[in-house]
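**Student:** got a predicted model here, sequence first, then my questions.
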Amino acid sequence: MIVNKMKFWSILLVLGLAVFAFSGCGGSADTETPGENGDIPNNTPDTYETADVLGGRWDVIDQSITIDADYTDGTTLELMLSTASLTFADTEIIGTRGLSTITLHETWNAYLNADVRTYMGIIPVNIDDQVISLIKQGADNWRCEMMDTYRTVMNIEILAANLIKLTEHRIAPLSGDVLIEYDNELTFRKKE
């Protein structure tokens, strides 16, 4: 009788462990959970080989971009895009993270909007040979963080093998201690 009870409890214990092991956590298969390092994994595959696509020079194709930037004394600068070019070099990506070196040159026609609207000339806003970290945000979508003084953040969306959209939040020095802060979205085509 004792042997039969032990067999019964042993079988019941094995069945209980099997049910526990195969039952899962009850969450949705679509739910993303943070990894050990706090990142949210993104397994959505890219359409393009990102490192190969980004490498090289890109020229802006937007014809009329106008933004307002906050100026240090409380007035507003109206910036009208004149030219922009972007170069990626030494891009390396492993999984959902990577590094690249960028050079970004923008020139803007600037108007100071105060009591009287005043043309201030052409203002260059440049980033030269800066290392950026790339963090995958979705299929063909990468967040770029620069280790510059102003912690510049950009987002790159690959639209085609020769077309990207760059969204940026910038704090840029104009001259001396004068800074402007602005958000911008530009579309670039790869130079052949």
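**Tutor:** Happy to help now that I have it.
**Student:** so what's the residue most central in space within the chain up against?
**Tutor:** Closest residue to the average C-alpha location of the chain: Arg143 at 1.4 Å, with C-alpha atoms, centre = their mean. By C-beta atoms under 8 Å, 6 or more residues apart in numbering, the contact list for Arg143 reads 134-137, 153-155. For glycine as for every other residue, the C-beta is placed from the backbone atoms N, C-alpha and C.
**Student:** now, these that are in strands?
**Tutor:** Secondary structure defined by DSSP state E assigns 134-137, 153-155 of the contacts of Arg143 to strands.
**Student:** helix or strand next in line after the worst-scoring helix or strand of the chain on mean pLDDT, which one?
**Tutor:** Each helix and strand of the chain was given a mean pLDDT (mean pLDDT, DSSP states H and E); the minimum falls on helix 2-23 at a mean of 47. Downstream of helix 2-23, the first helix or strand assigned by DSSP states H and E is helix 50-54.
**Student:** Leu77 contacts Leu112, correct?
**Tutor:** Yes. With contact defined as C-beta atoms under 8 Å, Leu77 counts as touching Leu112 (6.0 Å).
**Student:** tally of neighbours for Ala51?
**Tutor:** 17 (other C-beta atoms under 10 Å).
**Student:** next one: the one 5 residues further on
**Tutor:** Gly56 is surrounded by 15 other residues when neighbours are defined as other C-beta under 10 Å.
**Student:** look up which residues are beta-bridged to it.
**Tutor:** Note on Gly56: beta-bridge partners by DSSP bridges are Phe88.
**Student:** how about stretch 142-150, which residues are buried there?
**Tutor:** Buried residues in stretch 142-150, counted by 16 or more other C-beta atoms under 10 Å: 142-144, 146.
**Student:** now do stretch 93-110
**Tutor:** 93, 96, 98, 100, 102, 104, 106-108, 110.
**Student:** any idea how far Phe188 lies from His105?
**Tutor:** 12 Å (C-beta to C-beta, to the nearest Å).
**Student:** overlap in contacts, the two.
**Tutor:** With C-beta under 8 Å, 6+ apart as the test, Phe188 and His105 both reach 84, 86.
**Student:** rewinding a little: which of the ones in strands among the contacts of Arg143 are buried?
**Tutor:** Judged by 16+ other C-beta under 10 Å, buried ones among the ones in strands among the contacts of Arg143: 134, 136-137, 154-155.
**Student:** so, low pLDDT: which residues of the chain?
**Tutor:** 1-43, 63, 71-73, 175-176 (pLDDT under 70).
**Student:** can you rerun that using 80?
**Tutor:** Within the chain, the ranges that satisfy pLDDT under 80 run 1-44, 62-64, 69-75, 113-115, 148-150, 172-181, 192.
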